[in-house]
Every structure is written in structure tokens, then in C-alpha cells.
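[1] Next one to model:
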Amino acid sequence: MSYSILITLHLFAAFIFVGTVFFEVLILEGIRKNVARDAMREVERAIGRRARQIMPWTLLVLYSAGIGMAWNYRAILAHPLDSSFGTLLTIKIVLALSVLGHFITAMVLGSKGLLKTRYVQRIHISVFTHMVGIVLLAKAMLYLKW
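    Have a look, this model is predicted:
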């Protein structure tokens, strides 16, 4: 598959994933104290159901396209410390793998009925922080040189 198709798929999937995380962290958390606890739980359940329908497919596209794009840089990734681009791309990949780990953890906890609100909040804040780093690294890879 051509690199331009891979990057387009990757960007659209990233928009969906990052947008969802931003919404949950910046919007939902901001209204939590203004909405009744029972209503907030119902909103969280509804969003969770919808996310479980969309996110696995979104992540499949996001990570598949990311792997396809990374394949083009396999020579650079073989020696990541030899260039600023390779170093930043490696850090970006590590953060992306950590995000995947967060997602898998949330899915496992959710399937066992152990995914409580405080865990969801912590996971969302961590993923949010990771996503900000990934977005900054995506740009920095193109402009930072050392």
C-alpha cells in the first residue's frame, strides 16, 4: 500500500482516537461536578458502549497504518540514536505502544467488571498525556534536528 494512503488512514484514525480522548478528558471531566452522579454514570456507560464499537476498528486502522509507515523507516529504526528523526520516531512508537497497553488494560478490566470510574479517569489522563506527546513528536520529527 502506498505511503500516502497509509498516512491518510493513520491521520483519520488518529483524529478519531485523539478526538475521543480529548473529548472525554477536557469536556466530560469538566462537566462531572455539574451533572448528577447517576446521570454522569449513564452518560459514561453510553459513551463506553459506543467506544467499544468504534475504538477496536479505529485502533486496528491506526496501528496497522502506523506499522506500514514505520516499515518505510526500518533502516532508520534499526539505529534510532543515529539521527534525531530516528530517536523521535522511536519515542513516538514507544508512547504509541504504551497507549495500546492502556487500551488493552481498560478492555480487560472492563470485561471483568473492574473498570471503575477512578480507573477510567486515570487511564484517560495518562492516554491524554501520551497523545499530546505523540502529536508533538509527530511534528518535531520533521523540524527538530541535532
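[2] Helix or strand with the lowest mean pLDDT in the chain?
    For the chain, using mean pLDDT, DSSP states H and E, the weakest element among its helices and strands is helix 29-31, scoring a mean of 89.
[3] Mind listing residues that contact that one?
    40, 121, 124 (Cβ atoms under 8 Å, 6 or more residues apart in numbering). In short, each C-beta sits where N, CA and C put it, glycine included.
[4] so how far is that helix off the chain centroid?
    20 Å (Cα atoms, centre = their mean, to the nearest Å).
[5] Summarise which helices and strands the helix or strand just after it is packed against.
    Next along the chain after helix 29-31, taking DSSP states H and E as the criterion, comes helix 37-71. If you count contacts as 3 or more Cβ pairs under 8 Å, 6 or more residues apart in numbering; DSSP states H and E, helix 37-71 packs onto helix 3-22, helix 84-111, helix 117-143.
[6] For the contacts of helix 29-31, point out the one with the lowest pLDDT.
    The weakest per-residue confidence within the contacts of helix 29-31 falls on residue 121 (85).
[7] Spatially, what comes nearest to that one if we skip its sequence neighbours?
    residue 29 (7.0 Å; Cβ to Cβ, 6 or more residues apart in numbering).
[8] cool, residue 135 as well?
    residue 18 (6.9 Å).
[9] try residue 141
    Nearest residue to residue 141 in three dimensions, chain neighbours excluded: residue 88, at 4.5 Å (Cβ to Cβ, 6+ apart).
[10] So the one you found versus residue 139, what's the distance?
    10 Å (Cβ to Cβ, to the nearest Å).
[11] These two: which is more packed in?
    residue 88 (21 against 10; other Cβ atoms under 10 Å).
[12] quick one: contacts for the residue nearest to residue 68 when sequence neighbours are not counted?
    By the measure of Cβ to Cβ, 6+ apart, the closest residue to residue 68 outside its immediate chain neighbours is residue 6, 4.5 Å from it. Counting by Cβ under 8 Å, 6+ apart, residue 6 makes contact with 65, 68, 69.
[13] Out of those, flag the one nearest to residue 108.
    residue 65 (24.6 Å; Cβ to Cβ).
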